[in-house]
Every structure is written in C-alpha cells, then in structure tokens.
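**Student:** Any chance you can model this:
(chains A and B)
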Amino acid sequence: MTHDTDGPGRTIDRRTLLMLMAATGGGAAMSGLGSFPAFAQDPTIELENPKYNRLYNEISGYYFKDPVWVKETATRLTWPKAGEKVPEIGVIIPTNQPDILDAFRKFATDGEQIGIKYNIQQMSPARWLETINKHHHGDIEVHPSILRPERVDPAEWLVSRAYGPDRRNYGEWVNEQYDALIEAQTKESDHEKRLKIVKDAQKVLAEDLYINQLGWGPSIIEAYNAADWEGVVKGRGFGLASFNLFHTYTRMKSKTGKKSARVGMSALLETTNIIAASNNMRSVGRMIYDRFAYFDENLKVIPWAIESWQRVDERTWDMKLRGGMEFHDGKPVTVHDLQFSLDFLRKYERGIFWTANRFLESNEIVDESKGVVRVRFKEPYGQFETYFLQLNVILPRHIWQNIMAEQNVGDDPRRLRIEQPIGSGPFRFGRHRKDTELQLIANKKHFAAPNIDELWVVVTPTLDGLLGRMESQELDFIENSSIFLTPSQAKQLERAKHVKIERTEDINWYHGVVRISWMPWRDYEFRRAWHHATDREFLVKVPWEGAGRVPLANTFLVEGSPWYNPNLPPIPKFDLKLAREILKEAGYSWASDGRLVYPSPDDSKFRQRIVKVCKEGYTWGGLKMLA
Amino acid sequence: MQGFRRYVIRRLMLLVFVIWCILTIMFGLFQLLPGDPTSIFIDSNFSPDMIERQKDLWGLNDPIWLQYLRYIRNMALFDFGQSFFQIAPVSEIMADKVKNTALMIVPALVISIVLGTIIGAIAGWRRGSKFEQSTVATSLFLHSAPSFFVGILVLMVFSYQLRWLPPGGMVSLGGPDGFWEMIVARDYWVHLILPGLVLVSREITGPILLLRSSMLEVKGSDFLDILRAKGLPERQIVTHATRNALLPLVTYIAVMTGLLFQGQVLLEIIFAWPGIGRELVQALNDLDYPVAQAALYVMALVTLALNFIADLLYGVIDPRVTYE
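**Tutor:** A predicted model of the protein is given here:
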C-alpha cells in the first residue's frame, strides 16, 4: 500500500495548513500543499497486509491522509543509523488525571536508569481526546476504563483498543491472529464458545506485550447517608451510587420515613435527547427509557423490558416483551413500540445506538398477542445479550413516529429537542433546571418500582462541594461517575456520624498503550524491558493510596470480570536490573550521557525483530519500516 | 447639542469598529486554536460518511472566507447557532446564563457602590482618623484576598459546619424558577447571601479606596471654603464634596461592572451558580465553540456598552466637560 502524495496534497484546507504550520513549524504543512516541491517529500508508507488499507485510507484527515501523522510516523519508521539514540518517549496525560502524572514521573525517573528518556506533557481532557483520536499523542496513549453496562461485554475493549482495523486502536497494533479471534468472537453466539475465544484473544494480547496495565483500579470507595437509608446495592464494577447500575435507587429503603433522596453530581445532562447523549444522559436516560435487558449486581444478565429471549439460530432471536408495562403518559407499551424503536434506532444511525444496531438486518412481530418480536442480524452475532439488549431502549411510538418531520431535523435525530422525555422506565422525568437540578419521580407502576418517591439530582461542580454537602447531610449519595473517594477522603468523611463508607469490588484498570508500529516499540525485546521498568506498585500504593490492585496480567478483562482469563502470562515484574540485561542481550548499548542506543543496523536479529514486530508465533499485518 | 450628537455618532462608529475587530480576532483565535471542533463531538464509532455529513452540517467543509462571512452575519444578528452538545440555540442558553449571572452580581454591585461610596467619602473626609486607617487596612486586606479562597472558607463555616446557609445553587431544590418569581422569593435572597457576601467583600474595596483618594483631592478645593463661609452645616459640605469626588467613580463603575460580569467563573463554580462564567469554562472544556464564542462576545459587548454609557454620562454629570 502506498501513501498517495496527491491525496493529502490536494485536500488540505487553509485552516489545517495554519494549524499545521503552528504545530510543526511549517514544513509538514507545506509538504501537504504539494505545490511547494521543496516540501513535497512525503514518504511512502506501506502496510504488511493490504487487508488494512481501508482503515488507513478511508477518512480525510486521518492516517495516510493526515500530513502530521505521516510526518511523525515516517520518522519512526526509518531504520536507525549506527550509534543512534532511542528517541524520547512522548506521553500526553490529561490534566484531570494527576495520579497518572505522578506515576509517569516515577516511571521517567526509573526509565533514566536504563537510558530511556520520557517527554511527559499535560493537556486538557478535550484536547487530549482529540489528540488521541487523531493519533497525535506520541508514543504512549494512557487511558482509564470507565465502566458502562455495554462495556461489560468483552468486545468493547478488546475491539476498540486492540483490533487492527479499529480507529481507537491507538497504538496501531495489527496482530493477525488476534484480529482473527476478535472477528470470531463477534460472530460466536454460543456463550461458552465465545468465552473460550475471548480468553484466547486475551492470551495473544498479553503475550505480545502491546498494552501495559499500569494498575487495576482505582477502587470504588463511596460514602452515603446510612442514617437515613438502607438496602443499598453494591454492583460489581459500578459501586452503589451509580446511575449506570441503578439498583440502589430502586431497592433502597428509608430508615426514617424520608421518601426523597438526594444525589450529588458534578455535572448534569447536556441534553435530554437520549439519542444525542454522549454523557450522563446515557445513564440517566436509561432510568427513564427502559432498556431491553440489564445486569444484576454480580454482572449476570437479567431480563428487563424484554422478559425473555430465545435463540433461533446464530443470527436470529425471538424477544418477548414484558406484559403490563406503561409509558409515563399512561399509554401501554406494546410490541409495536418495540418494533418501532428498533426501526427508528436502526434507520437513523447515530453514535451509541448505531454500534448496537449496525449488525441488525430486520425485525418483525411474530406473535402480537404474546408480544414476540424476531430480530435477525446480518451475520452471526455474539453480542446479543451483553450489548444489543443492554444498549437499546423502548421509545414510545405515539410520540416518536412523526417527530423527525415535526421538528424538521432531516435525518439527524441528534438535533431533536426532547424537553420532557417520556419512557416506561422506573423513574419519570420531573423538574429539570439545567446545570442545577433534576427530579426523577418514581414510577410506581413499574415492574421494578422504586421504594422511594423521588430522587433529586443536585449539581455540585466541585469535589469540595460534593464532600461538604455529604458531610452536612445535604446529599445522601454521590453519583460515582463524578468521583471515587480516595482512602483519605473517605476517612475524613467517615467522621460524620451519618456517613457510611462502602468499598465495592471493581473491575477498573488504567493502561498505557504503546505505539507498537513505531520504533523502538516494534522491538519485542524493548517492549519486554520497558514492562520490567514499569513500577506499577508505585501507582497503586502512592497516588491511589493503596486503593487499587497491582495487575496480574496485561488484559482489559481484569480479575472480577465475567470474561477474565486466569491463565494468562503473569505481568512482568518491576526489575530495572533485569530490564537492563534484556536490553543488553538484545544488542542495545548506552551512550556516554546514559541514553539508550539502538543496536547496530547490521544486527540481523534486531532487524528481524523490527520487521516482525510481534512475538514469535504471531504475524504482523501493520505498518512496514520504510525502505 | 450639535457637538454632543457628533460625539455620540463618532463614538458609535468607533464602537462598531471595535466590535468588528473583536469578532475578527475571535474568529481567528478559534480557527487557530489547536483543536478540531468535530473531534470531541464525533463518537469514535461514527462511520466516515457520518463524520463528513456532520462536518457539512456545521459548514466546516466550506472555504474559510465563507465561514467568516457567515460568522460575522450571524454574530451581528445575534444568531449564535446551535450548541454542539445541548441541542438548543445558543442564544437561548446565553439569555438564561446572562440572567443568572446578573442575579448574582447586580445586588452585590449596588451594595458595593452605595456602601463603598459612603464609607470611602467618610474615610477621605476624616483623613488621619482611626476610621480612615482601619477602612484602608481592611479594604486592602479584602482586596488582596482571593475570592475563591474566601468563597470556600465561608461555605465551610456557614454551610457545612454551622448549616446556617445553603451550600450553593440559586434556590432550593424545587424552588421558584421564573425570573420574577425568583427575585421576590426569600429563598433566592437566602441563597444569594454567601456569594453576595464574597462579592461585596471584594468589590466594595474599589469604590472605598477610589472615593477616599478622590475626596482627599476635593477636600482642599476653594469651593468648600465658600460653602463654609456661607455657613452650611458640615453634613451638607460633605455631600457637596462627595458629588464632586464621584466623577472618577463613574468610569470605574463601568469597568468594574464589565469585569464583574466576566470574572465570576470561580465563584459560580464554588457556589454551583449556573451563570455565564461557568458556562464559558464548560464550553471551552468541551470544545463547544458556538457557546464559547457567544459567551465571549456577550461579555465583550457588555463591557463596551458600559464604557460607552460611562463616556456619555461623564458629560451629563460634569458640566465642565464639553463635546465641542
């Protein structure tokens, strides 16, 4: 595959040019113009396996069509000269993650001992997100896991963070055996068989040393007002006060006769249109609109609006709607609403619903009296229970059927204004003052009707404010997408008599993904040494104050996840001496200033490792070194 | 009168030019900002087609000159477009946030100006007295205290510990919502006490120190001797002196109001007050450019308008100022 210099040269616009000039000093931008021969020196970058061409060529402004990416990547795909030092390792850390900054400062100090120099930069979360989306983040992409129900499904992380053809595979790892397993698990509808494939995929991921699990955590430590409330539900991975797993709010009981609970959040809904929601409305919206199925506190799939489902074949399922359900405006929920919802969400493909429905081929009512709808997918589908049923919601047909035309929004449902969302969920949308408060009124007719009468969500933008209000009993809970307490914060809060601190088993992780397609990461031995030079215990013990676990293996599906593979190779231990020995053995040397120097360009073993990228036994399909 | 009219027209033309400059600079800044407005909005699951459609919808694929012309027209018409995330017209969002900020700063401003003027005038008149010394010392102390620190402190004491006052927000949960309903409600005034106190504690220092200095200058004026010679009581003489000392305060108030309007980001965050400052910070964090642009534009307009009014008032207040 060649990078067509005409492509970016002709498509670059002036805005991009200005940005590039500012970012790169001009050369890269000018080279994108094509009309300046002095700068038109874009290198030819190729892929080992042409199967991946589509990803690298498909979107304007990305990969081969992004002059910045091409320039940065080409530099790192150039064979090092004799005596060349290993370049600085670039890491960008979002400003809202000071714990990871602390950890990387320690890693950088340790790195110096084996000749690795880091260049750590901080960036606002929005800029960071944009930077990683464009793959402009340098050598290491750092990322926390933020759990949502659909992310319990193994494909969410295994695909998005490591599958070769996925844009969110920030390190551009292309291991053909892994990708084959990922494709197989997506299509495997038998749970046991899928579990086996997922475990095999995790093994490949761990063995190839692509991701580096820096810490499992932080732990879910929460405070709540135990003087007034009992019967809270601690959901594995979610905690007790999460709107993503909201069993506490439906099952908790008052000790004092209070019927109204207050939950603090640092930010509320940016929109009340669930289809446009990219933030809290995803979770709050599913308290208002019923999802098809849900997870219990042990992450076991449980029926919700869909009472039961039956696998017909590997592409087809029959779903039976729960009887006796009502929308909040009193209209009954019928099988036509279910069918309409699927039609609507499939027709107007957008964001999160699109991922759940892009594989859907058709749906039909097979038994109206029993409320059975048959869904058929385009290909064998493995994510039915843990993804499709978790993400989709039931929309009221009588409200939504003409809404696109009524609001004149063309084919973009993200532009719909839904002032008063009406669903069939356990809570009704009550009073809403943006950035201030939201009232969720209990739907007492719901099959999982809350014991309380109402829930007030109170916006408190600062951490101090949330803790202060908890201490002064202004809040009963703190929704945990806003904060997990540190042990010292928990200790401080515990002094208030009404506050009880609870710790829930978590399946969180924080990882670093290396740019494996680049030098020096292409060298398996370098990766191995780097893993041994990572002091994971420091992150867990110091920035996290012990509220976390030192990872046992390099996997996204950590111990506690239903998809965890306990037989993975153990995570490399922190041992700087061993790291140095590995590097020495692999042909690396050290300059007089202590910096690590690449092996000789004539070192055939080194060259072989760089070309192969993957560990022995696996096949690299990604970027080639430049000729 | 002819001169005044010419002056107003000239000032108005200058105002329009300054607004155009601000708009152009803002456009340039947002264009050069290291960031792609689509990247934060576009889910990484989006297909390339969807990304292109979204960019088309926002006009981001148009040539830059067309984007600029469209932007100038829209800003001139106060059509700020749609928020990327809030699925609402930005003008609607701005109107709400401006109202909320005004509900916080206007009462504090009035109290600061009235009290500050009185205290500053007395302090200036009684030069060398203990009152003057303590006023100056206290004012300098309050002026130097960072408002976010004072804000957190008063919250900790009066809300979290003593539980005398609410810990934030404009009204209690489920409290009054509409503008008029709110300002006549006791609940709103109770919620205003803490942020208002913090604001007044800082903003009052400006008028106090300014009036004191101004008063010192006026105090030696000949016209005061004439008033004394006419046998006027001390109180009336102070009143006359204060009126003359007020002139520099007019400009100061205009500038102060503009700054107050822009500068309450931290207080709005600490006191969970949904004003324009908090909205601006949130918009910049989210890269919600339409909201951020509109917020900056509104803030600039308020400052310019107040300065314009101050310029005009100068002539009205001080008969010595002419427009010829």
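**Student:** And the strands in the stretch 251-400 of chain A, which stretches?
**Tutor:** Listed from the start of the chain, the stretch 251-400 of chain A has strands (DSSP state E, counting those that start in this stretch) covering A:253-254, A:260-265, A:293-295, A:301-303, A:306-313, A:316-321, A:360-367, A:372-377.
**Student:** Looking at these, spot the one closest to residue B:27.
**Tutor:** Taking CB to CB as the criterion, residue B:27 comes closest to strand A:260-265 out of the strands of the stretch 251-400 of chain A, the separation being 34.7 Å. Heads up, the C-betas are built off the backbone N, CA and C, glycines and all.
**Student:** Using PDB, list the CA coordinates for that closest one.
**Tutor:** Extracted in PDB, the C-alpha atoms of strand A:260-265 (Å, rounded to 0.1, in the frame of the first residue of the first chain):
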ATOM      1  CA  SER A 260     -37.000  11.700  48.800                       C
ATOM      2  CA  ALA A 261     -33.300  11.100  48.300                       C
ATOM      3  CA  ARG A 262     -30.600  13.500  47.000                       C
ATOM      4  CA  VAL A 263     -27.800  12.500  44.800                       C
ATOM      5  CA  GLY A 264     -24.800  14.800  44.000                       C
ATOM      6  CA  MET A 265     -23.300  15.000  40.600                       C
END
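**Student:** Report all helices and strands that it contacts.
**Tutor:** Judged by 3 or more CB pairs under 8 Å, 6 or more residues apart in numbering or on different chains; DSSP states H and E, the packing partners of strand A:260-265 are strand A:454-459, helix A:463-471, strand A:477-478.
**Student:** Next, the angle helix A:463-471 makes with that strand.
**Tutor:** Strand A:260-265 runs at 160 degrees relative to helix A:463-471, counting by axes from the mean of the first three to the mean of the last three CA atoms, to 10 degrees.
**Student:** what's the model's confidence in strand A:260-265, averaged?
**Tutor:** Computed over strand A:260-265, the mean pLDDT rounds to 95.
**Student:** Now do that strand: distance to the chain's middle.
**Tutor:** In this view, strand A:260-265 has its centroid 27 Å away from the chain centroid, taken as CA atoms, centre = their mean, to the nearest Å.
**Student:** contact partners of it?
**Tutor:** By CB atoms under 8 Å, 6 or more residues apart in numbering or on different chains, the residues outside strand A:260-265 that reach it are A:228-229, A:241, A:249, A:252, A:280, A:452-460, A:465-466, A:469-470, A:474-479, A:481-482, B:173.
**Student:** Distance-wise, check the residue in the stretch 1-150 of chain A that chain B sits nearest to relative to residue A:136.
**Tutor:** Nearest residue of the stretch 1-150 of chain A to chain B (CB to the nearest CB) works out as residue A:130 at 3.9 Å. In this structure, residue A:130 lies at 8 Å from residue A:136, with CB to CB, to the nearest Å as the measure.
**Student:** And the helices in the stretch 501-627 of chain A, which stretches?
**Tutor:** Listed in chain order, the helices of the stretch 501-627 of chain A (DSSP state H, counting those that start in this stretch) span A:524-532, A:536-541, A:576-585, A:604-612.
**Student:** Give me the packing partners of the third one, helices and strands only.
**Tutor:** Other elements packing on helix A:576-585 under the criterion 3+ CB pairs under 8 Å, 6+ apart are helix A:98-113, helix A:524-532.
**Student:** go with 7 Å
**Tutor:** Using 3 or more CB pairs under 7 Å, 6 or more residues apart in numbering or on different chains; DSSP states H and E as the contact criterion, the secondary-structure elements in contact with helix A:576-585 are helix A:524-532.
**Student:** on that earlier part again, more crowded one of residue A:130 and residue A:136?
**Tutor:** residue A:130 (22 against 16; other CB atoms under 10 Å in any protein chain shown).
**Student:** for chain B, what are the nearby residues on the stretch 451-600 of chain A?
**Tutor:** Where the stretch 451-600 of chain A comes near chain B, counting by CB under 7 Å from any CB of the partner chain, the residues are A:456, A:458-462, A:464-465, A:468-469, A:471-472, A:474.
**Student:** Would you mind checking those for buried ones?
**Tutor:** By the neighbour-count criterion of 16 or more other CB atoms under 10 Å in any protein chain shown, these include these buried positions: A:456, A:458, A:459, A:460, A:461, A:462, A:465, A:468, A:469, A:471, A:472, A:474.
**Student:** could the residues you listed go into CSV alongside pLDDT?
**Tutor:** Listed next are those as CSV, based on pLDDT from 0 to 100:
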residue, pLDDT
A:456, 96
A:458, 94
A:459, 92
A:460, 91
A:461, 89
A:462, 88
A:465, 91
A:468, 92
A:469, 93
A:471, 92
A:472, 91
A:474, 93
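**Student:** Which of these sits closest to residue B:317?
**Tutor:** Ranking those by separation from residue B:317, with CB to CB as the measure, puts residue A:461 on top at 41.2 Å.
**Student:** Against residue A:144, how distant is that closest one?
**Tutor:** Separation of residue A:461 from residue A:144 (CB to CB) stands at 21 Å.
**Student:** what's the answer for residue A:614, then?
**Tutor:** 27 Å.
**Student:** Then residue B:105?
**Tutor:** The gap separating residue B:105 from residue A:144 is 38 Å, by CB to CB.
**Student:** Tell me which of these two has more neighbours.
**Tutor:** It is residue B:105, of residue B:105 and residue A:144, that has more neighbours when counted by other CB under 10 Å, with 23 against 17.
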